[in-house]
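need a structure here:
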Amino acid sequence: MVNIETKDIQFNLGTPLDIERRREKQRIRGPSRVIGVYEPRFLIVDLPYCMGNPLFSTTSEKCIVRFLHEGTMLGFWAKIVKITFDPYPFPMMILELPDEVEEQSLRKHARLGCNLPVLVTPIVTEEETEAAKAASGKESAAALSPPEEPLKATIMDLAEGGCQVALSMVDPKKHSRSVPMAPDPTAHMVAYHVDILKTYCGQTREVFLDFELPQPAPGKYSNVKCAVRWARVTDRHFLLGLQFLKEDETFQEGIRAIIKYQDKYFSPRFAIS
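Residues are numbered from 1 along each chain as shown. Modelled structure (predicted):
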């Protein structure tokens, strides 16, 4: 377990939290979520409940906050600055953030940051296709129809067991053009209607990936089947955490070789005293 600075963590609205109260030997936990951020010191969260009762009622306490961030579990002690039930019925807490949080990786495999072009093809059922055809004459049907072509995206990090993919998106409430919306500053990416990404690339969906691995284990891979394990919306991107479902030793050996090569020659280990 290592420590990382809080300022390096991006707290997104709606992020699920696990909050724990400790009193002597008593440990009680309840769910919460981020509903506001005042950088770099304060976090506003839903007041957690357990068995119908609030976990906290006074600001003189501290709590333990845990949450999952891109495959890593983060945790920290936080001072409760304020508890409020106004406006009713939306109880909330304001937490003072520490300078550092503890990090514990939940990943089974080494992971390499990258910038690989990829094509993402959502696996769409016949029922979904027929429903889209039936709604073809209705308003906003284009925004809900399955993509006719693979989605152009970027693999942000890569591991033997999966990868993280970023798809550029636009908010339909702010843009009215048809899908795809516009070229992304990254040449191989396109910005897509967010409703399409939420509908056809959301959690529990399965997708196919088409991409090419670089040296030292070059190779083109098509129809790599993946399961969407998590999906998250940022200001400009729709992020997917994918698990590879394709059993291919050549493919996985290639990923291992690339990560090993990168770790051997490009990790910053040389120090001058």
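
now for the helix or strand hosting I64, which elements pack on it?
Taking DSSP states H and E as the criterion, I64 maps to strand 62-69. Counting contacts by 3 or more C-beta pairs under 8 Å, 6 or more residues apart in numbering; DSSP states H and E, strand 62-69 packs against strand 16-23, strand 72-84. Any C-beta I mention is one placed from the backbone N, CA and C, and that applies to glycine too.

buried stuff in the shortest one?
The neighbour-count check on strand 16-23 (16 or more other C-beta atoms under 10 Å) flags 17-21 as buried.

With the longest one instead?
Judged by neighbour count (16+ other C-beta under 10 Å), strand 72-84 contains these buried residues: 74-76, 78, 80, 83.

Would you mind measuring from G113 to R256?
16 Å (C-beta to C-beta, to the nearest Å).

Neighbour count for the two, which is higher?
R256 (14 against 10; other C-beta atoms under 10 Å).

is it true that that one touches L158?
No: counting by C-beta atoms under 8 Å, R256 stays clear of L158, with 10.6 Å between them.

Going toward the C-terminus from the helix or strand bottoming out on mean pLDDT in the chain, what's the next helix or strand?
The helix or strand of the chain with the poorest confidence is strand 182-183; it has a mean of 42 (mean pLDDT, DSSP states H and E). Moving toward the C-terminus from strand 182-183, the next helix or strand (DSSP H and E) is strand 190-193.

Work out the gap between the next helix or strand after that following strand and the centre of the chain.
Using DSSP H and E, the helix or strand that follows strand 190-193 towards the C-terminus is helix 194-200. How far helix 194-200 lies from its chain's middle: 15 Å, per C-alpha atoms, centre = their mean, to the nearest Å.

packing partners for helix 194-200?
Partner elements for helix 194-200 (3+ C-beta pairs under 8 Å, 6+ apart): helix 141-144, strand 162-170, strand 219-233, strand 237-244.

so is E128 in a helix, a strand, or just coil?
helix (DSSP: H, G, I helix; E, B strand; the rest coil).

The residue lying closest to it once chain neighbours are set aside: neighbour count?
Computed as C-beta to C-beta, 6 or more residues apart in numbering, the closest residue to E128 that is not its neighbour in sequence is P146, at 6.3 Å. P146 has 17 neighbours, counted by other C-beta under 10 Å.

quick one: pLDDT of P146?
Looking at P146, its pLDDT stands at 85.

What of the one 4 residues further on?
Note on P150: pLDDT of 94.

wait, doesn't it sit right on L119?
Yes: checked against C-beta under 8 Å, the pair P150 and L119 is within contact range at 3.7 Å.

Find residues that contact each of those two.
D210 (C-beta atoms under 8 Å, 6 or more residues apart in numbering).

N12 belongs to a helix, doesn't it?
No: with three-state DSSP as the criterion, N12 is coil rather than part of a helix.

Going by the annotation, which residue ranges form each domain of the protein?
2-105, 111-266 (automatic domain parsing).

End to end on the last one, go ahead and measure it.
In terms of C-alpha to C-alpha, to the nearest Å, the two terminal residues of domain 111-266 are separated by 14 Å.

quick one: average pLDDT of the longest helix belonging to the chain?
The residue-count maximum for a helix in the chain (DSSP state H) belongs to helix 249-266. Across helix 249-266, the average pLDDT comes to 84.
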